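Undergrad: Sharing a sequence plus its predicted fold:
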Amino acid sequence: MDLLTPDSGLLFWMTVVFLLVFLILLKWGFPVIIKMVNERKGYIDDSLRKAHEANEKLANIQKEGESILQEAREKQAQILKEAADTRDKIVEQAQEKARDEGARLLGEAKAQIETEKQNAIRDIRSQVATLSVEVAGKVLRQKLSTNQEQMELINRLLDEVSAEKQESDK
């Protein structure tokens, strides 16, 4: 039973040593330990603050990246729209120029056709007049082979001309 119940002298000295160690730790050990714990706590708090700031910066960078990407998409859409508008304008101008050129060529062709038509009509009239004179000459030579027939034709033509003139005077 001596093992379970310590002697009073031993208990006294153990208490004195315990108090002495406790006072030494209280004077020099605990402040150093508390200082190290506080420094570690400060380092951890600082690291957490820096991590939080880094997360905020990362979030801001992501937002900026998204806004830059969105702006780039908008500019791309705008450039594509401007390119399409320019293409449409160029196509429209080319079509208009083609229509104008077609109208001009059509007008020139119509004018050339009209000129050629008039020339052909003149040639035909000239040929018809020449043929008519030749045919009339041949017919008259055959019909008016005598002087008396020629005088009768002349009188009859003069009568017709004077009758036409009287009708036109009325």
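TA: Ah, there it is. These figures come from a predicted structure and were not determined experimentally. Numbers count the residues shown, from 1 in each chain.
Undergrad: Could you tell me the average pLDDT over the helix or strand harbouring Ala59, please?
TA: Here Ala59, judged by DSSP states H and E, is contained in helix 30-143. Helix 30-143 shows a mean pLDDT of 91 in the predicted model.
Undergrad: Quick one: list the elements packing against it.
TA: Applying 3 or more Cβ pairs under 8 Å, 6 or more residues apart in numbering; DSSP states H and E, we find helix 30-143 packed against helix 147-169. Quick note: C-beta positions are derived from backbone N, CA and C, even for glycine.
Undergrad: which secondary structure elements does the helix it packs on contact?
TA: Using 3+ Cβ pairs under 8 Å, 6+ apart, helix 147-169 sits against helix 30-143.
Undergrad: chain center to the helix it packs on: distance?
TA: 5 Å (Cα atoms, centre = their mean, to the nearest Å).
Undergrad: hmm, back to that, relative orientation of the helix holding Ala59 and helix 147-169 in degrees?
TA: Helix 30-143 and helix 147-169 are oriented at 130 degrees to each other (axes from the mean of the first three to the mean of the last three Cα atoms, to 10 degrees).
Undergrad: how far away is Val32 from Ile24?
TA: 12 Å (Cβ to Cβ, to the nearest Å).
Undergrad: any idea how far Gly9 is from Val16?
TA: 11 Å.
Undergrad: same question but for Glu101, I mixed them up
TA: Taking Cβ to Cβ, one finds Glu101 at 122 Å from Val16.
Undergrad: just Asp159 next, same as before
TA: For Asp159, the distance to Val16 - Cβ to Cβ - is 183 Å.
Undergrad: now do Leu69
TA: 75 Å.
Undergrad: need the contact list for Arg125.
TA: Listed by Cβ atoms under 8 Å, 6 or more residues apart in numbering, Arg125 has no contact partners.
Undergrad: so how far is Ser132 from it?
TA: For Arg125, the distance to Ser132 - Cβ to Cβ - is 10 Å.
Undergrad: and if you look at Gln76?
TA: Distance from Gln76 to Ser132, by Cβ to Cβ: 81 Å.
Undergrad: Repeat that for Glu152.
TA: Separation of Glu152 from Ser132 (Cβ to Cβ): 22 Å.
Undergrad: just Asp45 next, same as before
TA: Applying Cβ to Cβ to Asp45 and Ser132 gives a distance of 127 Å.
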